[in-house]
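Enquirer: Sequence first, predicted model second:
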Amino acid sequence: MRPRPLRVALTGGIASGKSHCLARFIAKGTPVIDADALAHTVVAEGTPGAAAVIDRFGTLDRGDIAAIVFTDAVARHDLEAIIHPRVYTGINEWFRALRHAPFGIADIPLLFETGHAGDFDRVIITSCRPEQQRQRLLARGLTPDDAEARMATQLSFEEKMRRAQRANLLVDVIDTSGSTAESDAAVDRIIERLGSLPPRVCS
């Protein structure tokens, strides 16, 4: 048996401050893997994932595909069925290779939606008021209808917490509704706490 780093997932709704918190974790030296970046890799031109996307959608253009999947639940399910298994394979390989760190973080926006929260030792959820999410999305240039459509494709914070409780998951919540300094302080507290926990063991 040998020790292994804690497997931690970071998740949160769109425009919930997750990217800021992730940047703070990185700045403090935490090893991280980004599921969104990995998703681009697994459907890069010439990969089996790309071939599957082209077979289903006729294109690899992200804008064209996004316009379809955010309004068509069946199309979104088909895209997720292509991407998500490949992404989680990559995440698992990354954690298996991770050494000399008390914990690592996988940034996974759709953690609960994909049913993989139980793969991790702990989960961190970023949260703010829904109206703040809308305001942040509008500031990014989305229309009100587009903002609502994107929020509607994801589970609410309350539903994420219900699912976490049903699965007996250990959860840390970062409330990003305040200042960035407050969010940074919350991240720092989590780093200190997770760094003090005993490692898991694996064969």
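Expert: It's in.
Enquirer: Where do the domain boundaries of the protein fall?
Expert: 1-31+102-203, 36-97 (automatic domain parsing).
Enquirer: Can you say which of these is packed in most?
Expert: Comparing those by mean neighbour count (mean count of other Cβ atoms under 10 Å), domain 1-31+102-203 comes out on top with a mean of 17. All C-beta atoms are positioned from the backbone trio N, CA, C, and that covers glycine.
Enquirer: chain center to that one, what's the gap?
Expert: How far domain 1-31+102-203 lies from its chain's middle: 7 Å, per Cα atoms, centre = their mean, to the nearest Å.
Enquirer: just stretch 44-57 next, same as before
Expert: Per Cα atoms, centre = their mean, the centroid offset for stretch 44-57 relative to its chain is 22 Å.
Enquirer: what mean pLDDT does that stretch have?
Expert: Averaging pLDDT along stretch 44-57 gives 96.
Enquirer: Now tell me what touches that stretch from outside.
Expert: 41-43, 59-60, 64-65, 68, 75, 78-79, 82-83, 86 (Cβ atoms under 8 Å, 6 or more residues apart in numbering).
Enquirer: which other helices and strands contact the lengthiest helix in the chain?
Expert: What stands out as the longest helix in the chain, according to DSSP state H, is helix 73-97. Judged by 3 or more Cβ pairs under 8 Å, 6 or more residues apart in numbering; DSSP states H and E, the packing partners of helix 73-97 are strand 32-34, helix 35-42, helix 48-57, helix 62-69, strand 103-107.
Enquirer: could you say what helices and strands the first one packs with?
Expert: Spelled out, it's strand 32-34. Contacts defined by 3+ Cβ pairs under 8 Å, 6+ apart place strand 32-34 against helix 18-27, helix 73-97, strand 103-107.
Enquirer: Residues contacting it, please?
Expert: The contact list for strand 32-34, computed with Cβ under 8 Å, 6+ apart, reads 10, 22, 25-26, 90-91, 94, 104-107.
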